[in-house]
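J.: fold the stuff below for me.
(one chain, ligands or ions: 1)
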Amino acid sequence: MAVKVFIPTPLRPFTEKCDTVEVNGATVEEVLQDLIRKHGQLQPHLYSENGVMRSYVNIYVNDEDIRYLSKEKTPVKSTDTVSIIPSIAGGVDAEVKSDVGLTKEELLRYSRHLIIPEVGTAGQKKLKAAKVLVIGAGGLGSPVGMYLAAAGVGTIGIVDFDVVDSTNLQRQILHSTGDVGRSKLDSARETLEGINPNVAIETYEERLTSENALKLFADYDVIVDGTDNFPTRYLVNDACVLLGKPNVYGSILRFDGQVSVFSARGRSVFGGEAQRGPCYRCLYPTPPPPGLVPSCAEGGVLGVLPGIIGTLQALETIKLILGEGEPLIGRLVLFDALKFTFRELKLKRDPHCPICGENPTIHKLIDYEQFCGVKPPAAKETIDEQIEITVEQLKKRLDRGDDLFILDVREPHEYEIANIGAQLIPLSELPKRFQEINSSKEIIVHCKSGHRSARAAEFLRKKGFQKVKNLVGGIDAWSERIDPRVPHY
Ligand SMILES: [Zn+2]
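T.: Numbering: from 1, shown residues only. Here you go, the predicted model:
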């Protein structure tokens with residue numbers, strides 16, 4: 001029975017450049033034997049000397065991995081396509097030059113690296129010559145920066161424009177209690193130089209934007225994404241794809257973390273040309289609507305979690321620089337801290353991806369705030385008076401005794417931390433509890449920052465409530481601009 005076998009690029013030199021070969025067989029084993037009969041040079045690439053299939057070769061029948069079917073005994077029909085999928089391993093073309101020397105002090109400092117064959121002096125020199133840009137000096141950026149500095153990565157750039165806040169200290173271990181109120185970059189520089197004075201720390205005290213991203217990234221070999229918001233995440237992804245730089249991705253929320261390496265080129269274990277792995281947009285083509293996925297500020301995060309995920313990002317960064325091992329290209333690792341499970345999902349490059357696909361529609365950086373449906377804070381000065389109210393306007397109306405129904409749609413534990421005496425109905429309970437709201441009054445809805453309450457206000461309008469306004473900026477804005485006694489959490 002004739003079956004088509006798809007041959008991956010690295011193996012085509014052994015099949016006279018054919019991308020598909022027609023062979024005969026009723027099982028995968030028979031098909032591969034016939035393939036090797038026709039193209040004998042494939043043998044050592046598919047099987048070891050003792051005839052066992054190589055562990056880095058995956059065989060798929062149509063969309064299914066034969067490891068999950070009947071392995072080599074998996075039956076095949078003439079309509080099936082058998083594909084050989086080599087795993088993508090080391091040899092990332094980060095192109096780090098290693099024409100630097102190591103001082104006596106460095107030879108001693110890095111001695112535990114130097115005695116690992118995969119690192120050695122050659123690898124340590126690569127680390128010294130490498131330039132890594134870390135986006136964000138927060139929860140993820142802390143372990144990333146600290147381990148990269150300790151490992152001897154020669155140049156570490158950090159982009160951040162924030163000031164250390166006491167709510168950061170639970171997880172952002174670059175900063176100490178004495179740093180509260182200082183610029184995060186100053187604090188980060190001090191910590192990293194304290195760990196390793198041989199490392200050059202370049203700081204960029206600015207918001208990463210479509211205007212500056214390509215220029216900032218151009219000088220670096222690897223970009224580490226330690227951001228906490230969707231606009232910056234898509235911006236980092238797109239800039240990395242456009243420049244062909246590897247993007248070491250990490251994200252965290254509550255007890256869950258994700259890690260992957262996006263838009264990196266890696267050579268397959270067969271050698272041959274390096275191929276580009278999938279990007280963040282191949283995984284998530286579009287962002288969730290604003291307010292649907294809470295940020296760490298809204299949803300919370302266990303302090304140790306960014307330590308775990310950030311450390312994994314540092315690990316992948318070092319592997320990319322060394323060109324050793326199998327980087328997380330084309331794989332997404334999910335960590336569930338409560339269950340203590342790591343799950344790995346295979347990621348494929350999406351041929352329809354708007355930026356790294358076959359016919360990309362994005363050729364330059366776009367407006368990411370608009371793409372993600374969030375307006376930058378500065379543009380929030382104008383409000384829609386019909387459906388929105390500022391904290392200053394609310395204060396004025398309360399002071400003059402207007403009879404308003406103030407609805408808080410946050411969670412009870414948030415209410416416990418800080419509240420302004422409003423009626424509490426969490427957003428998730430609103431569909432079954434909205435009758436508790438006095439519809440004769442004008443309703444002002446608030447949450448922490450204004451996203452959840454905007455959805456709640458929209459919901460109430462659909463249920464026929466006439467006068468509903470969203471408090472722009474939420475209780476955060478109230479705490480910042482009206483009453484500092486209300487804790488900011
Ligand atoms: Zn893509």
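J.: got the contact list for Gln386?
T.: Counting by Cβ atoms under 8 Å, 6 or more residues apart in numbering, Gln386 touches no other residue. C-betas here are computed from N, CA, C, even on glycine.
J.: cutoff 10 Å now
T.: By Cβ atoms under 10 Å, 6 or more residues apart in numbering, the contact list for Gln386 reads 467-469.
J.: just send these back as TSV, with pLDDT too.
T.: Listed next are the contacts of Gln386 as TSV, based on pLDDT from 0 to 100:
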residue	pLDDT
Lys467	91
Val468	94
Lys469	94
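J.: please name the nearest non-neighbouring residue to Glu414.
T.: Lys448 (6.5 Å; Cβ to Cβ, 6 or more residues apart in numbering).
J.: again with Glu30
T.: In space, and not counting its chain neighbours, Glu30 is closest to Asn24: 7.4 Å by Cβ to Cβ, 6+ apart.
J.: and what of Leu315?
T.: Nearest to Leu315 is Tyr147, by Cβ to Cβ, 6+ apart, at 7.9 Å.
J.: what about that neighbour, how many residues nearby?
T.: Other residues lying near Tyr147 total 18 when counted by other Cβ atoms under 10 Å.
J.: contact residues of the protein facing the ion?
T.: Contact residues (Cβ under 5 Å from the ion) of the chain with the ion: 279, 281-282, 353, 356.
J.: and those residues, which of them are in helices?
T.: The helices, defined by DSSP state H, take in 281-282 from the residues of the chain next to the ion.
J.: which of the residues of the chain next to the ion scores worst on pLDDT?
T.: Lowest-confidence member of those: Cys282, scoring 88 (pLDDT).
J.: and that residue, how many neighbours?
T.: The local packing of Cys282 (other Cβ under 10 Å) involves 24 other residues.
J.: tell me the contacts of it?
T.: 237, 241, 262-263, 330, 347-357.
J.: swap in Tyr204?
T.: Counting by Cβ under 10 Å, 6+ apart, Tyr204 has contacts 133, 135, 157-161, 185, 212, 216.
J.: tell me what the longest helix seen in the chain is packed against?
T.: Taking DSSP H as the criterion, the chain has its longest helix at helix 305-322. Judged by 3 or more Cβ pairs under 10 Å, 6 or more residues apart in numbering; DSSP states H and E, the packing partners of helix 305-322 are helix 120-129, strand 131-135, helix 141-151, strand 222-225, strand 247-253, strand 256-262, strand 331-336.
J.: save the ones you listed as JSON lines, and put in mean pLDDT too.
T.: Converted to JSON lines, the helices and strands packed on helix 305-322 look like this (pLDDT from 0 to 100):
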{"stretch": "helix 120-129", "mean pLDDT": "94"}
{"stretch": "strand 131-135", "mean pLDDT": "97"}
{"stretch": "helix 141-151", "mean pLDDT": "98"}
{"stretch": "strand 222-225", "mean pLDDT": "96"}
{"stretch": "strand 247-253", "mean pLDDT": "92"}
{"stretch": "strand 256-262", "mean pLDDT": "92"}
{"stretch": "strand 331-336", "mean pLDDT": "90"}
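J.: now the stretch 151-300 of the chain, which segments are flagged as low pLDDT?
T.: 266-274, 290-297 (pLDDT under 70).
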